[in-house]
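Engineer: Sequence isn't available, so here's the structure alone:
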Ligand SMILES: [Zn+2]
């Protein structure tokens, strides 16, 4: 996309009315660190944000401020709906894509940017799976303080794992997802780490077939394994 | 730059760039005072937006908390020179609220009014009858008054209800090109109108 094509789109992008493919193209251009377009976009976003000023003025209850500050002072943000709870719709994930575009635009090191882009690609793939009408969702983990989240399943391929409160791993280890059939060995279905928000998203490259009975996650060496080498930390039955 | 002034002086965001920079500095140092400062700057306009979109104060309270906790968790991403904290907060608030409405409609579709039947009270009401406690909001509203009814409706559908340009075009039975150019001209005129005020 060129500057000239971009100039028609700043306002439309800022308002969020563009179709996802076009928005993605704009993000690609912005991610090439085009300061000129970023400046114009920021200006369009300022006008957009000001639209909020036409809403009826209403103040939040006083107690809310105290509750919020108490929760960060005492490190209890678990009382708050987490990513995995929110991530049940394409719109929610699109919100995270926005975060990441934002992060990419304001980050400087190439390594961070690459990690963020990978994260965004995973989210985009997840959005694609989520937007299919036949996709169903299986929840796992009942407690906010333990690992919990959702597995999203689409018949024609596409398995998305969205998790919160997974353990922090040292650099030489990774999470690996497995598709567990009724009989035979689990099939490796992708490596993933905690993302910048401390959550994780993994989109399986394998199609889902009738023989898959569960999705499991184990901790593996950095480069992954062909079969689980540790006891899975999570097994999510799909039945 | 008038647009910069605009963002700080509209939507109840009278905060100066300095106050914002200070809040970001504290947030980056994981100091809860930074969160308190950001909250004091933007919680009211964000809450008004959340209530406007969800039409439910209890939900808006939950979402407001969520917005500021995300800010707390993402504080490292802010550059204190860029003057973008307000934009970020309002964008996240808007995304969360629209998403909430959408998923609530999917799950409890009989409980909620369909979006197409929702009116556009905030653009249509007479600003003079409002308790206009924040003059700056008056500025945004005045700028809005310069838009025609079609433009207002389109901006309403886009900003508060989260429809895409093709959805808006089919809803209003207008060509996509017309919708696009109306959005652009509405936002550009809004910026120009408020820019003029900013320069006075
Ligand atoms: Zn450019």
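Structural biologist: That came through fine. No experiment lies behind these values; they were computed from the predicted model shown. Numbers count the residues shown, from 1 in each chain, chains lettered A, B, ... in the order given.
Engineer: Point to the helix or strand of chain A where mean pLDDT is at its lowest.
Structural biologist: helix A:83-86 (a mean of 47; mean pLDDT, DSSP states H and E).
Engineer: To clarify, my last question referred to chain B.
Structural biologist: Least confident helix or strand, chain B: helix B:121-124 with a mean of 24, by mean pLDDT, DSSP H and E.
Engineer: tell me which strands and helices the helix or strand hosting residue B:101 is in contact with?
Structural biologist: Assigned by DSSP states H and E, residue B:101 belongs to helix B:85-107. For helix B:85-107, the elements it packs on are helix A:35-50, helix A:90-106, helix B:2-9, helix B:17-28, helix B:32-54, helix B:57-73, judged by 3 or more C-beta pairs under 8 Å, 6 or more residues apart in numbering or on different chains; DSSP states H and E. The way it works is simple: take the backbone N, C-alpha and C, and place the C-beta from them, glycine included.
Engineer: Return the member of those helices having the minimum mean pLDDT.
Structural biologist: Per-stretch mean pLDDT for these is lowest at helix B:2-9 (a mean of 45).
Engineer: Run the chain-centre distance for the biggest helix by length in chain A.
Structural biologist: Assignment by DSSP state H gives helix A:110-130 as the longest helix of chain A. Put simply, helix A:110-130 sits 7 Å off its chain's centre (C-alpha atoms, centre = their mean, to the nearest Å).
Engineer: that older thread, okay if I get the helices and strands packed on helix B:85-107 as TSV plus mean neighbour count and distance to the ion?
Structural biologist: Shown next, in TSV, are those (neighbours: other C-beta atoms under 10 Å in any protein chain shown; distance: least, C-beta to the ion, whole Å):
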stretch	mean neighbour count	distance to the ion
helix A:35-50	20	3
helix A:90-106	21	12
helix B:2-9	21	18
helix B:17-28	19	25
helix B:32-54	23	29
helix B:57-73	21	28
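Engineer: Relative to residue B:182, which of those helices is closest?
Structural biologist: helix A:35-50 (14.9 Å; C-beta to C-beta).
Engineer: Count the neighbours of the nearest residue to residue A:141 once chain neighbours are set aside for me.
Structural biologist: Once flanking residues are discounted, residue A:141 sits nearest to residue A:148: 2.8 Å by C-beta to C-beta, 6 or more residues apart in numbering or on different chains. Applying other C-beta atoms under 10 Å in any protein chain shown, we find 20 residues neighbouring residue A:148.
Engineer: List phi and psi for residue A:148.
Structural biologist: Here is the backbone geometry of residue A:148 (degrees, to the nearest 10): phi -150, psi 160.
Engineer: so it touches residue A:165, yeah?
Structural biologist: Yes - using C-beta atoms under 8 Å, residue A:148 is in contact with residue A:165, at 6.2 Å.
Engineer: At which residues are the helices of chain A located?
Structural biologist: Under DSSP H, chain A gives helices at A:3-7, A:10-15, A:20-31, A:35-50, A:62-73, A:83-86, A:90-106, A:110-130.
Engineer: export those helices to JSON lines and tack on distance to residue A:230?
Structural biologist: JSON lines is the format used below for the helices of chain A (distance: least, C-beta to C-beta, whole Å):
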{"stretch": "helix A:3-7", "distance to residue A:230": "48"}
{"stretch": "helix A:10-15", "distance to residue A:230": "44"}
{"stretch": "helix A:20-31", "distance to residue A:230": "36"}
{"stretch": "helix A:35-50", "distance to residue A:230": "44"}
{"stretch": "helix A:62-73", "distance to residue A:230": "34"}
{"stretch": "helix A:83-86", "distance to residue A:230": "22"}
{"stretch": "helix A:90-106", "distance to residue A:230": "29"}
{"stretch": "helix A:110-130", "distance to residue A:230": "23"}
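Engineer: what's the closest of the helices and strands packed on helix B:85-107 to residue A:232?
Structural biologist: helix A:90-106 (25.2 Å).
Engineer: Within range of the ion, give me the residues from chain A.
Structural biologist: A:3, A:34, A:36-37 (C-beta under 5 Å from the ion).
Engineer: Just put those in JSON lines and tack on distance to residue B:181.
Structural biologist: Formatted as JSON lines, the residues of chain A next to the ion follow (distance: C-beta to C-beta, whole Å):
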{"residue": "A:3", "distance to residue B:181": "20"}
{"residue": "A:34", "distance to residue B:181": "24"}
{"residue": "A:36", "distance to residue B:181": "23"}
{"residue": "A:37", "distance to residue B:181": "20"}
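Engineer: re the thing from before, do the longest helix of chain A and chain B meet?
Structural biologist: No - against chain B, helix A:110-130 shows no contacts by C-beta under 8 Å from any C-beta of the partner chain, the least distance being 9.9 Å.
Engineer: List the buried residues of that helix.
Structural biologist: Residues A:113, A:115-117, A:119-120, A:122-130 are the ones in helix A:110-130 that count as buried (16 or more other C-beta atoms under 10 Å in any protein chain shown).
Engineer: Give me the angle between that helix and helix A:20-31.
Structural biologist: 180 degrees (axes from the mean of the first three to the mean of the last three C-alpha atoms, to 10 degrees).
Engineer: model confidence over helix A:110-130, on average?
Structural biologist: So the average pLDDT for helix A:110-130 ends up being 71.
Engineer: Summarise which helices and strands that helix is packed against.
Structural biologist: Using 3+ C-beta pairs under 8 Å, 6+ apart, helix A:110-130 is in contact with helix A:20-31, helix A:90-106, strand A:148-153, strand A:159-164, strand A:200-203.
Engineer: gap between residue A:187 and residue A:177?
Structural biologist: Using C-beta to C-beta, to the nearest Å, we find residue A:187 at a distance of 10 Å from residue A:177.
Engineer: Contacts for the helix or strand containing residue B:177, please.
Structural biologist: Per DSSP H and E: residue B:177 is located in helix B:176-199. Applying C-beta atoms under 8 Å, 6 or more residues apart in numbering or on different chains, the contact partners of helix B:176-199 are A:8, A:11-12, A:14-15, A:17, A:43-44, A:47-48, A:50, B:2-3, B:5-6, B:9-10, B:139-140, B:142-144, B:146-147, B:150-152, B:154-155, B:158, B:165-166, B:168-169, B:172.
Engineer: List only buried entries from those.
Structural biologist: Counted by 16+ other C-beta under 10 Å, these give A:11-12, A:14-15, A:17, A:43-44, A:47-48, A:50, B:2-3, B:5-6, B:9-10, B:139-140, B:143-144, B:147, B:151-152, B:154-155, B:158, B:165, B:168-169, B:172 as buried.
Engineer: domain ranges for the chain?
Structural biologist: If you meant another chain, say so; for now it's chain A. A:3-54, A:82-237 (automatic domain parsing).
Engineer: I was thinking of chain B, sorry if that wasn't clear
Structural biologist: Taken from automatic domain parsing, chain B resolves into B:1-130, B:135-200.
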